[in-house]
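Participant: Here is my input; please provide its structure:
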Amino acid sequence: MSKIELMKAAPGMLSGYFVSSSVIFLVVAGITSCGKIAEPKSEMTSRHHVIFDTDANNEVDDQHALAYLLFSGDVFAVEGVTVNATSDPDGYDIYSPVSDHYDEARRVMQLCGVYNRIPLLTGAQGSFEEIKPFIQEPDFDGHEAVDFIIEQAMRERGQELVLLPVGKLTNIALALLKEPRIAERIRIVWLGSNYPEPGEHNQDWDIPSMNFILDVDVPFEMVTVRYGDPSGTDAVKVTQAQILHRMPGKGPQISEPVTGRHGGEFYNWGDYSANLFQKYNMWGSPPARALFDQAAVAVVKNPDWAERYEHPAPVFNDGQWVERPDNPRKIIVWEWFDIYGIINDFFVTMDNYVLADRP
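Facilitator: Next comes the predicted model:
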């Protein structure tokens, strides 16, 4: 029986897990660092070429997903990082300026030692419906990120370009609207939705962008969140104690300090990771936080770390999902994530990082 099957049947049976307050936590211990690899090999033709699209200043999972991606250079060639705006980290009802998300993504990239090697571009502040009437204007809201996505999608590289949006889908939808030809050249793996239930942060900040993509013939995969449900990425949790024990000092040491979101100066990603977990609200006993976005990176890295199924693309109307069983347009839905495999690989990757590059 696989770990995923065990989680479905009886989560408490899994060695290395314990159940508390109806949440599964992983206890990761005893993994010894085998040293750090500073650069990827020059020839890695099998790597996934990726653009990571993020509302980086929202919580703490975006930053950890980005670092996980940037430290997996043996698997990913990172073409760029684009940002969009959703909520302020201290108030889910408050729009955070897109510049805050840019600044947080830059901090992570600086601390991971790749800021001058991989492009970081500003995307949409507003919503899909607000921006689309101006899509043919040169300086529309989000044009830097949207035009970059189009440019990279149209490049000849012998493989699809993976778009990894872990926030709202505005930048991706705008790129498809402006240049429909990219649909046959990209694969979208989105961290979002509680499908088949309503609600979810990334979805609710721009539902029309999601519905637009659901009606475009483009490879689209939903990495489900499903708050409080063991089948979604909400179950991919790490405890505050694990982060504070395992992360300090991890990553390359940089020469100039980076000022963190909550102040303080940092010379490596691991110290900043610990600071984020000290400052952000935790839940449960022991205190923990879901690394939703990391799971989206993980299933591209290793599809065996979750289950997936093909489904006729639904649409979201009037606060609920509407099924379209006869819809020939199909999407992929990811669920039942291998918590042990994903979190264990996160810590192993932090210990033995391979810095991503842009070929």
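Participant: In terms of helices and strands, where is the one residue sitting closest to the centre of the chain?
Facilitator: Centroid check for the chain by C-alpha atoms, centre = their mean gives residue 293 as the closest residue, at 3.4 Å. For residue 293, the element it lies in under DSSP states H and E is helix 292-301.
Participant: likewise residue 241?
Facilitator: Residue 241 belongs to helix 240-246 when elements are defined using DSSP H and E.
Participant: so after that helix, what's the next helix or strand?
Facilitator: Proceeding N to C from helix 240-246, the next assigned helix or strand is strand 258-259, under DSSP H and E.
Participant: Who are the packing partners of that next one?
Facilitator: helix 98-111, strand 265-266 (3 or more C-beta pairs under 8 Å, 6 or more residues apart in numbering; DSSP states H and E). C-beta: built from backbone N, CA, C; applies to glycine.
Participant: partner strands of that strand, parallel or antiparallel?
Facilitator: Strand 258-259 pairs in its sheet with strand 265-266 (antiparallel), by DSSP bridges.
Participant: what's next to the partner strand, contact-wise?
Facilitator: With contacts defined as C-beta atoms under 8 Å, 6 or more residues apart in numbering, strand 265-266 is touched by 111, 257-260, 272, 275.
Participant: Need the contact partners of the following helix or strand past that strand.
Facilitator: Next in sequence after strand 265-266, counting helices and strands by DSSP H and E, comes helix 269-279. Residues outside helix 269-279 that contact it (C-beta under 8 Å, 6+ apart): 60, 63-64, 67, 107-108, 111-112, 240, 243-244, 247-252, 258, 260-262, 264, 266, 289, 350.
Participant: quick one: the closest residue to residue 197 other than its chain neighbours from residue 281, how far?
Facilitator: Nearest residue to residue 197 in three dimensions, chain neighbours excluded: residue 226, at 7.0 Å (C-beta to C-beta, 6 or more residues apart in numbering). For residue 226, the distance to residue 281 (C-beta to C-beta, to the nearest Å) stands at 20 Å.
Participant: do residue 268 as well
Facilitator: Distance of residue 268 to residue 281, computed by C-beta to C-beta: 24 Å.
Participant: So the two - more neighbours on which side?
Facilitator: Ranked by neighbour count (other C-beta atoms under 10 Å), residue 268 and residue 281 place residue 268 first, with 20 against 10.
Participant: Poorly predicted segments of the chain, please.
Facilitator: 1-45, 88-94 (pLDDT under 70).
Participant: Which residues are in contact with the residue nearest to the centre of the chain?
Facilitator: Going by C-beta under 8 Å, 6+ apart, residue 293 touches 54, 61-62, 64-65, 166, 191.
Participant: how about a cut-off of 10 Å?
Facilitator: Residue 293 is in contact with 52, 54-56, 58-66, 68-69, 164-167, 191-192, 202, 223, 225, 233, 236, counting by C-beta atoms under 10 Å, 6 or more residues apart in numbering.
Participant: what do you get for residue 199?
Facilitator: Per C-beta under 10 Å, 6+ apart, neighbours of residue 199: 193, 225-227, 319-320.
Participant: which of these tops the neighbour count?
Facilitator: In terms of neighbours by other C-beta under 10 Å, those top out with residue 225 at 27 neighbours.
Participant: Could I get the contacting residues of that residue?
Facilitator: Residue 225 neighbours (C-beta under 10 Å, 6+ apart): 191-195, 197, 199-203, 232-236, 290, 292-293, 295.
Participant: if you look at those residues, which of them are in helices?
Facilitator: If you go by DSSP state H, these have 201-203, 292-293, 295 in helices.
Participant: Which pair in these has the greatest spatial separation?
Facilitator: Taking C-beta to C-beta, the two most distant members of the ones in helices among the contacts of residue 225 are 203 and 295; they sit 15.9 Å apart.
Participant: neighbour count winner among those two?
Facilitator: Ranked by neighbour count (other C-beta under 10 Å), residue 203 and residue 295 place residue 295 first, with 31 against 22.
Participant: Go ahead and confirm the more buried one touches residue 222.
Facilitator: No: taking contacts as C-beta atoms under 10 Å, residue 295 lies outside contact range of residue 222: 11.8 Å.
Participant: Identify the contacts common to those two.
Facilitator: With C-beta under 10 Å, 6+ apart as the test, residue 295 and residue 222 both reach 191, 334.
Participant: elements contacting the helix or strand harbouring residue 238?
Facilitator: Secondary structure assigned from DSSP H and E places residue 238 in strand 237-239. Packing partners of strand 237-239 (3 or more C-beta pairs under 10 Å, 6 or more residues apart in numbering; DSSP states H and E): strand 23-26, strand 288-290, helix 339-351.
Participant: mind running it again at 6 Å?
Facilitator: The contact analysis (3 or more C-beta pairs under 6 Å, 6 or more residues apart in numbering; DSSP states H and E) places strand 237-239 against strand 288-290.
Participant: and the strand it packs on, what other elements does it pack with?
Facilitator: Secondary-structure packing of strand 288-290 (3+ C-beta pairs under 6 Å, 6+ apart): strand 237-239.
Participant: Direction included, what does the strand it packs on pair up with?
Facilitator: Paired with strand 237-239 in the same sheet, following DSSP bridges, are strand 288-290 (antiparallel).
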